Each structure stands twice: as C-alpha cells, then as structure tokens.
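Participant: Structure for the following, please:
(one chain, ligands or ions: 2)
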Amino acid sequence: MAEENDIAASADLLSAEEDATDTSSCPLCGGRLVYSPIDRALKCEYCGGKGQIDMSRYGEELNFYDLINAKNNTWANDTHVFRCNNCGAKTVISKKEISKKCPFCGTTNVVQTEELCGLKPNAVLPFLLDKAQACESAVKWAKKRLFSPRKFKKTVYPEEIDGNYIPAFTFDTNTVTHYSGKLGRTKTRTKRVNGKTITESYTEWFSIGGTYRMSFDDFLVQASDSVKQKDVDKLSPFDTNKSQAYSSDYLMGYTAAQYSKSGQECWDYARGVMQEQVKSAILRQYTYDKVGSFSMNMSCNDITYKYVLLPLYVGHYSYSKKLFNFFVNGRNGKVTGKAPVSPLRVGIAVLLGLVAVAGIAALIYFLGIK
Ligand SMILES: [Zn+2]
Ligand SMILES: [Zn+2]
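Facilitator: Numbers count the residues shown, from 1 in each chain. Ligands and ions are numbered 1, 2, ... in the order given. You can find the predicted model right below:
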C-alpha cells in the first residue's frame, strides 16, 4: 500500500515540476519566485525580479449552507499533502513546489501522501512580517520569560523559523435568543427575637425573561490539528476583515497546515462559544448573586463564512538538547509557545510567595486586625 502511494507520489511530482514553469518562475532569470511580505508581491530569490499578485479582490463572505453541501470545491488541483515521518504533522504545499522540510520539527523526513487536502480556501490573510522580523519578535518574547534560565535568555535564537498558513473558518451571524429564568439577590433584614434585634440574610427571587439579539462578525475557529485553538486565541487578533481572495501565489515559499476539522465541526464549536457569550451578556443586565434556573433558545440567522489561511511563523529554539516550539502571528508579531523552565527560579518564586504570605499574616497578628 505504501509502495503504491510512493509511485503515485513520484508521478505527481513530475507533473508538478512541469507545471512549475509558468507564473512561479522569475521573468528575468527563471529562478524561483516566492511571496515577499515586505514587497507584497512575488519576488525572485536570486535576482530580486518581481511578479505581480492581484490584491484588488478581498476574501468574500460565503453562504454557510453552501459550506455544508460543498462537494467539488477541493483544493487538490493546486496543492498536495506531505506527512512528516518524525512528528506526524501534515502540511499542504503548492503543486508548483516540491518536497520541503517539516515546519513543526525541522526534519526533512517528509513524504507525500495521497490524503485529501480538503476544502479549497476562499480567502488568505497574507504575511506582513518577513522571517527576520518574526525572528526578532520571537527573541524578544523569549528574553521576557520570567522562569527561563538566564543562560537560555542570553543566547536564545530560533534554530528554525518558517512561514506556515493555518486553515481557519470565520463565521458571521445574527443571533436571536429567547430566554427565561429565576435569579436571586441576597438581602438582609432585622427582626426582634426575645427582645433582641438580630440581622439575618435571605434571598429575594425574581423572574427574568425576554428576547436578546447579538451579532458576531468574523468569529474565528482554526481548523487544523497542528496548532491548538488556545494558541490561536493567544496570537489573536487576526485582522481577517482584511483578507484577500485566495490565490496559490501566496503559498509560494510557504507551507500550509492540513485542515483536519470540517466546516460543520468548526461551526459547532463556534456556536457553543457564542451561546456562552450570549448567556453572559443576558445575565450581565441584572443584579444577582444566585441563579435559580436559566434556559435559553438561541437561533442563528444569516450565517456566512470565510475559509481563510492565517499567517503563522512556526519555529523552535533548542536548549539542553530539547526543542521548544513557538508561533509568531505573521501580521502583528504576537508570540506564544514553550520555553525552558528553571526549577531554581520557580523555587525562588514559590519561596518569595510563602515569605509574602507569612509577612502579611505577621502584620495582621501584630496590628491586632480582627
Ligand atoms: Zn530572477
Ligand atoms: Zn515534523
């Protein structure tokens, strides 16, 4: 089975190389063109010659029901999928390019697979920062890690860093929610018992109910397994309202993570988070400290989506023979990731915390605060 795949893969690579003569080569020297974030154009790696990209079209909002029913809209015509034999990450690259190293672990142990690359994106948020700028952000971030060893912070420099697009869905919708429930406020009252005045607390319950409307614009859910939603949230905001219409030109010189969650799965996740946000917005209208009961029925109208590629630099530092992955938002330079932790520094922090607690306790004791 694996052998069959390899044969099919090499046949595919040949046709990819034949394709590679048109828009992907330099008009001056025939060298490879890659997308340049600084020039916002295709640029030759050798002579600096430029190729144009049409940036006049923006990523459109599409009807959600077309997403659920989409069948033929596959990305397979202009991309292929590679799997890393070392870490298992799957990446999508333009058919105009051939085998790459894995953006997640840096090894070149990647093989083409026959897996589907899934739905074709209709929008792309192009990189604004180049590799050098992303490196600079990553170094600044690493130097600020409070619990990392001093030696790491002094010498830190990304060992690898590459531009990798992460597939994501953005959703727009107008929600209408009918709700009802019972909330309680704690109150106090005084009464006389056996000739003494005592104060007691009680709960005053009141009913709530009504209709609440809330709109969501470009609610972002990432669709690959290579990055966690938590990390994408930390790197946010992504200015997806500025995304361009998708063109494979933006992939030149970059990889994309393979899509692994369907549009429906991403929508279900989005809807769940939206429901929580609507619920807190409803409850924020009232003064209460207890929830007796609450029920809501949210309907989502006018749902549209964009299937968009988000620009991320993926890289790693190495320290004490271990790799620490990090991600940089390719638009605003925000960084998140892992960094080595010094047990000594954590120990000192815990100790300082204990000293502070003991100090406050002593102060309360000596001042006789009750
Ligand atoms: Zn050239
Ligand atoms: Zn890998």
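
Participant: Looks to me like Cys29 is in a strand.
Facilitator: No. Per DSSP: H, G, I helix; E, B strand; the rest coil, Cys29 lies outside any strand segment and is coil.

Participant: quick one: contacts for the closest residue to it other than its chain neighbours?
Facilitator: Spatial nearest neighbour of Cys29, chain neighbours left out: Cys47 (4.7 Å); criterion: C-beta to C-beta, 6 or more residues apart in numbering. The way it works is simple: take the backbone N, C-alpha and C, and place the C-beta from them, glycine included. Listed by C-beta atoms under 8 Å, 6 or more residues apart in numbering, the contact set of Cys47 reads Cys26, Leu28, Cys29, Gly31.

Participant: Between the two ends of stretch 139-153, how far is it?
Facilitator: Taking C-alpha to C-alpha, to the nearest Å, stretch 139-153 runs 8 Å from one end to the other.

Participant: can you give me the mean pLDDT across that stretch?
Facilitator: Across stretch 139-153, the average pLDDT comes to 91.

Participant: If you count neighbours, what's buried in it?
Facilitator: Going by neighbour count (16 or more other C-beta atoms under 10 Å), the buried part of stretch 139-153 is Val139, Trp141, Ala142, Arg145, Ser148, Pro149, Phe152, Lys153.

Participant: How about stretch 268-275?
Facilitator: Quick answer for stretch 268-275 (16+ other C-beta under 10 Å): Tyr269, Ala270, Arg271, Met274.

Participant: Work out which residue lies at the spatial centre of this structure.
Facilitator: Against the mean C-alpha coordinate of the chain, by C-alpha atoms, centre = their mean, the closest residue is Val232 at 2.1 Å.

Participant: contacting residues for it?
Facilitator: By C-beta under 8 Å, 6+ apart, the contact set of Val232 is Ile166, Ala168, Leu220, Gln222, Leu310.

Participant: With Ile166 instead?
Facilitator: Here Ile166 is in contact with Gln222, Ala223, Ser224, Ser226, Val227, Val232, Ala256, Ala257, Leu309, Leu310, Leu312 (C-beta under 8 Å, 6+ apart).

Participant: so how far is Ser342 from it?
Facilitator: Using C-beta to C-beta, to the nearest Å, we find Ile166 at a distance of 31 Å from Ser342.

Participant: possible to save the contacts of Ile166 as a markdown table with pLDDT, secondary structure and distance to Gln264?
Facilitator: Formatted as a markdown table, the contacts of Ile166 follow (pLDDT from 0 to 100; DSSP: H, G, I helix; E, B strand; the rest coil; distance: C-beta to C-beta, whole Å):
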| residue | pLDDT | secondary structure | distance to Gln264 |
| --- | --- | --- | --- |
| Gln222 | 92 | strand | 15 |
| Ala223 | 91 | coil | 11 |
| Ser224 | 88 | strand | 16 |
| Ser226 | 84 | coil | 20 |
| Val227 | 88 | coil | 20 |
| Val232 | 93 | helix | 19 |
| Ala256 | 89 | strand | 21 |
| Ala257 | 86 | strand | 19 |
| Leu309 | 94 | strand | 20 |
| Leu310 | 96 | strand | 20 |
| Leu312 | 96 | strand | 24 |
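
Participant: Point out the residues in the protein that sit beside ligand 1.
Facilitator: Counting by C-beta under 5 Å from the ion, the chain comes close to ligand 1 at Cys26, Leu28, Cys29, Gly31, Cys44, Tyr46, Cys47, Gly49.

Participant: what about the second one, how many neighbours?
Facilitator: Just to be clear, that refers to Leu28. Close neighbours of Leu28, defined as other C-beta atoms under 10 Å, add up to 12.

Participant: My read is that it contacts Tyr46, right?
Facilitator: No. With contact defined as C-beta atoms under 8 Å, Leu28 does not reach Tyr46; the gap is 9.0 Å.

Participant: one step back: tell me, which of the contacts of Ile166 make contact with ligand 2?
Facilitator: Of the contacts of Ile166, not one also sits near ligand 2 (C-beta under 5 Å from the ion).

Participant: can you tell me which two in the residues you listed are farthest apart?
Facilitator: Pairwise distances across the contacts of Ile166 (C-beta to C-beta) peak at 14.5 Å, for the pair Val232 and Ala256.

Participant: Which stretches in the stretch 51-200 of the chain count as strands?
Facilitator: 62-63, 79-84, 90-94, 110-113, 123-124, 160-193, 196-222 (DSSP state E, counting those that start in this stretch).

Participant: For Val346, which of those strands is the nearest?
Facilitator: Of these, nearest to Val346 by C-beta to C-beta is strand 160-193, at 27.6 Å.

Participant: Direction-wise, compare the closest one with strand 196-222 and give the angle.
Facilitator: 160 degrees (axes from the mean of the first three to the mean of the last three C-alpha atoms, to 10 degrees).

Participant: where does this structure have low pLDDT?
Facilitator: 1-23, 70-73, 98-99, 115-117, 369-370 (pLDDT under 70).

Participant: Point out the residues in it that sit beside ligand 2.
Facilitator: Cys84, Asn86, Cys87, Ala89, Cys102, Phe104, Cys105.

Participant: Which SSE is immediately downstream of the helix or strand encompassing Asp231?
Facilitator: Using DSSP states H and E, Asp231 maps to helix 229-235. Remark: after helix 229-235, the chain's next helix or strand is strand 244-245, criterion DSSP H and E.

Participant: Got the domain ranges for this structure?
Facilitator: Domain assignment for the chain, taken from automatic domain parsing, gives 2-169+219-258+308-339, 342-370.

Participant: so which of those is the most packed in?
Facilitator: domain 2-169+219-258+308-339 (a mean of 18; mean count of other C-beta atoms under 10 Å).

Participant: what distance separates that domain from the middle of the whole chain?
Facilitator: Centroid displacement of domain 2-169+219-258+308-339 relative to its chain, using C-alpha atoms, centre = their mean, to the nearest Å, is 13 Å.
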